[in-house]
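Visitor: Mind folding the following:
(2 chains)
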Amino acid sequence: MDIVKPSILPGFMELLPADQLLFNRMLDTIRLNYEKFGFLPIDTPIIEKSEILLAKGGGETEKQIYRFNKGDTDLSMRFDLTVPLARYVALHASDLTFPFRRYQLGKVFRGERNQKGRFREFYQCDIDIIGNGQLSILNDAEIPSVIYSTFKDLGFESFTIRINNRKVLNGFFSALALPNKADVLRIIDKLDKIGPEAVINELRELGIEESAILRLMTFIQLKGSNEEVLTKLKAMGLDDPEFNLGLEELSKVIHHVGLLNVPEENYQIDLTIARGLDYYTGTIYETILNDYPSIGSVCSGGRYDNLAGYYTKQQLPGVGISIGLTRLFYQLKEANFFEIENPAPSEVLIVPLGDTVDYALNVAQKLRTQGVSLQIYYEDGKIAKKLGYADKLSIPWVVLLGENEVAENMVTLKNLQTGEQKSLGLDEAVRLIQTT
RNA sequence: GUGGGUGUGGCGAAGUGGUUAACGCACCGGGUUGUGGCUCCGGCAUUCGUGGGUUCAAGCCCCAUCACCCACCCCA
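Guide: Residues are numbered from 1 along each chain as shown, chains lettered A, B, ... in the order given. Just a heads-up that it's a prediction; the model follows:
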């Protein structure tokens, strides 16, 4: 029989156990933080009716979505968690309590061309706050504090939550009477990546006047502390109503983020971030790790006026963000971010020698009730192999149980890091394990 | 969708026309059956993505094909 070559599809990440352990820890950290802020968990199907996911139609999503038929049903795999959320809220609105704070950790799928750090199946970790009819701008200020708390817990020291407001951008573009706002948005979003010269060139290609380009460039390159930037924006004295509304929102958000104890160095107004997704209408966020700038944004989101317009007549404004955990993990791994290379599956490996299994099982039960995590090596073989097992899995302690131990009702506890070993009573062994 | 690159054992990788295809990692066995991580010894590709061609001779040259990767676009 021919062997089928074991392989997985490109763009689908799978990990070895040691890495999976690290990945899951990150997932747990994120979940814990989301719950700390009162977000409720939901889970939605990975596959939805195509009409639901493609309600918006057109654009990138339609090209990238995995779509297929089963019988007569037209199915699609979710490409983010926001569209399913919209459907969920519209469907269950009468059973939900608003403002609805939900979190969701799950895999999403995008049939994209392959590239570094880009996956076809990846985890998104979303939080969103959905209002019924209206939603206070203070929610927009709370989101960065969730990001801050989460990223701190994930072990990041230096990161910047960039904050901007679509209304400020749009209002400014209106004031300049720019015809193709969407294109301009797209171009200035690239400032960081391609630099001011290239941005200016692209703007020229769009046919924008030199004077407008000049004002645009000064605008998006406004520098200073958050307060300084706000002051400069106000000093521009534009009378565009959208601009002024956006500016007011931005001021409130910045002010309250500070009151939520997010350090000044961790959030910053950045007028260049635009976010491609066209459903954002106000505040937008993008988080970058300062030590790993090449990773790009690892957590982004924003405010949208009406989440579920395709599925209900109710006006449901919301604000939320998503952490792209698969990309984040992959890139951190590449950058050797993780200090623990081999997290141990358990504290102890029990190794019965000879015919001592009964005694070993007894010891195992007692250790487990004392809260010691352990596993038992049942296979026959040389001791070298058994110790090698513990060694490869980085299990720090081995409990050796042979005829002598059974006879004396003791255990031999070996510390694999130091090589020391002692004959001890069970209670002493537990104490040693738990205090070392 | 557009442009570029690469394809050698489980993985990384040398090899740029000439006898048995380096090396490293991983894996397996052993250095006398109650002691690992270190070290030492031994084993592990009839074969170089696939198909065809050039040649006395091809992993190395040519053509085709497939696969994967990188970049643009867009995004997490």
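
Visitor: Would you check that residue A:376 makes contact with residue A:358?
Guide: No: taking contacts as CB atoms under 8 Å, residue A:376 lies outside contact range of residue A:358: 11.9 Å. The way it works is simple: take the backbone N, C-alpha and C, and place the C-beta from them, glycine included.

Visitor: More neighbours: which of the two?
Guide: More neighbours surround residue A:376 than the other of residue A:376 and residue A:358, with 17 against 10 (other CB atoms under 10 Å).

Visitor: And for the more buried one, nearest residue in space, chain neighbours not counted?
Guide: In space, and not counting its chain neighbours, residue A:376 is closest to residue A:350: 4.5 Å by CB to CB, 6 or more residues apart in numbering.

Visitor: Quick check: residues of the stretch 251-400 of chain A near RNA strand B?
Guide: Contact residues (CB under 7 Å from any atom of the strand) of the stretch 251-400 of chain A with RNA strand B: A:275-277, A:296-300, A:322, A:324, A:326-327, A:353-354, A:382-384, A:387-388, A:390-392, A:400.

Visitor: swap that for the stretch 1-150 of chain A, please
Guide: Counting by CB under 7 Å from any atom of the strand, the stretch 1-150 of chain A sits next to RNA strand B at A:9-11, A:60, A:80, A:110, A:112-120, A:122, A:124.

Visitor: Could I have the ChimeraX command that selects the buried members from the residues you listed?
Guide: Selecting only the buried entries of these in ChimeraX, with 16 or more other CB atoms under 10 Å as the criterion:
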select /A:11,80,110,119,120,122,124
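
Visitor: domain ranges for chain A?
Guide: Following the assignment in automatic domain parsing, chain A carries domains at A:17-192+A:222-334, A:348-435.

Visitor: Give me the buried positions along stretch A:287-299.
Guide: Here stretch A:287-299 shows A:287-289, A:292, A:295-299 as buried, counting by 16+ other CB under 10 Å.

Visitor: State whether residue A:155 is indeed within a helix.
Guide: No: counting by DSSP: H, G, I helix; E, B strand; the rest coil, residue A:155 falls outside a helix, being coil.

Visitor: Next one: it from RNA strand B, what distance?
Guide: The spacing between residue A:155 and RNA strand B, counted by CB to the nearest atom of the strand, to the nearest Å, is 18 Å.

Visitor: One more: residue A:205?
Guide: Distance from residue A:205 to RNA strand B, by CB to the nearest atom of the strand: 12 Å.

Visitor: which helices and strands sit right next to the host helix or strand of residue A:89?
Guide: According to DSSP states H and E, residue A:89 maps onto helix A:82-92. Contact here means 3 or more CB pairs under 8 Å, 6 or more residues apart in numbering; DSSP states H and E; on that basis helix A:82-92 packs against helix A:50-53, strand A:100-109, strand A:121-130.

Visitor: could you say what helices and strands the second one packs with?
Guide: I take that to be strand A:100-109. Strand A:100-109 packs on helix A:17-36, strand A:40-41, helix A:82-92, strand A:121-130, going by 3+ CB pairs under 8 Å, 6+ apart.

Visitor: quick one on the thing from earlier: now do whichever strand or helix holds the residue nearest to residue A:376, average pLDDT.
Guide: For residue A:350, the host element (DSSP H and E) is strand A:348-352. Across strand A:348-352, pLDDT averages out at 94.

Visitor: residues in contact with it?
Guide: Applying CB atoms under 8 Å, 6 or more residues apart in numbering, the external contacts of strand A:348-352 come out as A:359-360, A:363-364, A:367, A:372-378, A:383, A:386-387, A:389-390, A:393, A:395-402, A:433.

Visitor: got it, and stretch A:368-383?
Guide: Under CB under 8 Å, 6+ apart, the answer for stretch A:368-383 is A:345-353, A:357, A:360-361, A:364, A:367, A:385-386, A:389-390, A:395, A:399, A:430, A:433-434.

Visitor: Poorly predicted segments of chain A, please.
Guide: Where chain A drops to pLDDT under 70, the residues are A:1-3, A:58, A:275-277, A:341.

Visitor: which residue is nearest the middle of it?
Guide: Centroid-nearest residue in chain A, with CA atoms, centre = their mean: residue A:323, separated by 2.4 Å.

Visitor: Provide a list of residues in contact with that residue.
Guide: A:30, A:124-126, A:150, A:298-299.

Visitor: Equivalent analysis for residue A:129, please.
Guide: Residue A:129 neighbours (CB under 8 Å, 6+ apart): A:99-101, A:135, A:139, A:142-143, A:318-320.

Visitor: so how far is residue A:166 from it?
Guide: 18 Å (CB to CB, to the nearest Å).

Visitor: same thing with residue A:51?
Guide: Per CB to CB, residue A:51 is found 28 Å from residue A:166.

Visitor: Buried residues, the helix holding residue A:89. List them.
Guide: Going by 16+ other CB under 10 Å, helix A:82-92 has these buried residues: A:82-90.

Visitor: Just the ones of the residues of the stretch 1-150 of chain A next to RNA strand B in helices?
Guide: residue A:60 (DSSP state H).

Visitor: Check what contacts stretch A:85-94 and list those residues.
Guide: Against stretch A:85-94 from outside (CB under 8 Å, 6+ apart): A:42, A:44, A:48, A:52, A:96, A:100, A:102, A:104, A:126, A:128, A:130, A:132, A:307-308, A:310-312, A:314, A:316.

Visitor: you'd agree the residue nearest to the centre of chain A is in a helix?
Guide: No: Residue A:323 is assigned strand when assessed by three-state DSSP, not a helix.

Visitor: which one is residue A:408 nearest to, not counting chain neighbours?
Guide: Excluding its sequence neighbours, the residue lying closest to residue A:408 (CB to CB, 6+ apart) is residue A:423, at 7.5 Å.

Visitor: and what of residue A:182?
Guide: residue A:278 (7.6 Å).

Visitor: Counting neighbours, what do you get for the one you found?
Guide: Quick note: residue A:278 (other CB under 10 Å) scores 12 neighbours.

Visitor: for the nearest residue to residue A:98 once chain neighbours are set aside, what are its contacts?
Guide: Using CB to CB, 6+ apart and skipping the chain neighbours, the partner closest in space to residue A:98 is residue A:132 (3.8 Å). Residues near residue A:132 by CB under 8 Å, 6+ apart: A:93, A:98-100, A:314-316.

Visitor: What residues are bridge-paired with the residue nearest to residue A:376?
Guide: residue A:376, residue A:399 (DSSP bridges).

Visitor: Tell me the spacing between it and residue A:363.
Guide: To residue A:363, residue A:350 is 6 Å away according to CB to CB.

Visitor: ok so, going back, contacting residues around whatever helix or strand the residue nearest to residue A:408 lives in?
Guide: According to DSSP H and E, residue A:423 maps onto strand A:421-424. Contacts of strand A:421-424 with the rest of the structure, by CB under 8 Å, 6+ apart, involve A:400, A:405, A:408, A:410-415, A:432.

Visitor: Done for today, thanks.
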